[in-house]
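# give me the fold of what follows.
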Amino acid sequence: ERGYTPSSQWINRTVRAATVHERDALALPPGGRVAHLERLRLADGVPMAYEVSVLPVAVLPRPQALEDSLYAWLGERGHAPVRGSQHIRACNADVPTAQLLQVAVGMALLQVIRTAFDADDLPVEFTQTYFRSDYYDFVAELK
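Modelled structure (predicted):
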């Protein structure tokens with residue numbers, strides 16, 4: 001919508017043990033495992049956002065099978081997110097995130113932490129996205 005050509009670049013797609021925070025967000029038991037996805041969101045080849053998503057392995061058992069849209073893939077398998085909860089805050093780019101986003105260390109970023117739920121109200125995705133503040137802003141309409 002802003003005139004850029006969007007694309008994504010995969011950084012990582014693996015299965016691993018969930019952290020305590022991820023287990024809480026996804027309602028997983030101790031020892032629960034997650035599909036761990038990392039990717040850059042690009043506009044005309046420029047990194048605009050760095051995204052880290054985790055999903056229960058019951059939802060995404062083989063993360064390497066995912067190629068393009070996560071939500072399209074989830075929808076095709078009966079786990080389409082129908083609602084979500086987002087927390088938006090400001091943060092500063094640490095060294096690894098600054099390198100990935102090609103910005104200065106300490107640059108202001110927008111961090112969005114989202115938990116998405118399917119039609120059965122089960123959490124299917126926990127995502128943390130770091131957006132470059134020189135490319136993104138968020139507008140919320142309240143009624």
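
# CA atoms for contacts and neighbours, from now on please.
Fine.

# secondary structure class for the residue nearest to Gln99 when sequence neighbours are not counted?
Excluding the flanking residues, the one nearest Gln99 by CA to CA, 6 or more residues apart in numbering is Val105, at 8.0 Å. On the three-state scheme (DSSP: H, G, I helix; E, B strand; the rest coil), Val105 is labelled coil.

# and what of Leu74?
helix.

# ok, then the element right after whichever strand or helix holds Thr115?
Following DSSP states H and E, one finds Thr115 within strand 108-117. On the C-terminal side of strand 108-117, the closest following helix or strand by DSSP H and E is strand 123-132.

# flag the shaky bits of this structure, pLDDT-wise.
1-2 (pLDDT under 70).

# can you show me the strands along it?
Secondary structure of the chain (DSSP state E): strands at 6-17, 33-43, 46-56, 83-92, 108-117, 123-132.

# and those: which comes nearest Glu67?
Smallest distance to Glu67 across these (CA to CA): 8.8 Å, for strand 6-17.

# partner strands of that closest one, with direction?
Strands adjacent to strand 6-17 in the sheet, as given by DSSP bridges, are strand 33-43 (antiparallel).

# who's in contact with the partner strand?
Strand 33-43 is contacted from outside by 4-18, 47-57, 60-63, 100-101, using CA atoms under 8 Å, 6 or more residues apart in numbering.

# quick one: work out the angle between that strand and strand 46-56.
160 degrees (axes from the mean of the first three to the mean of the last three CA atoms, to 10 degrees).
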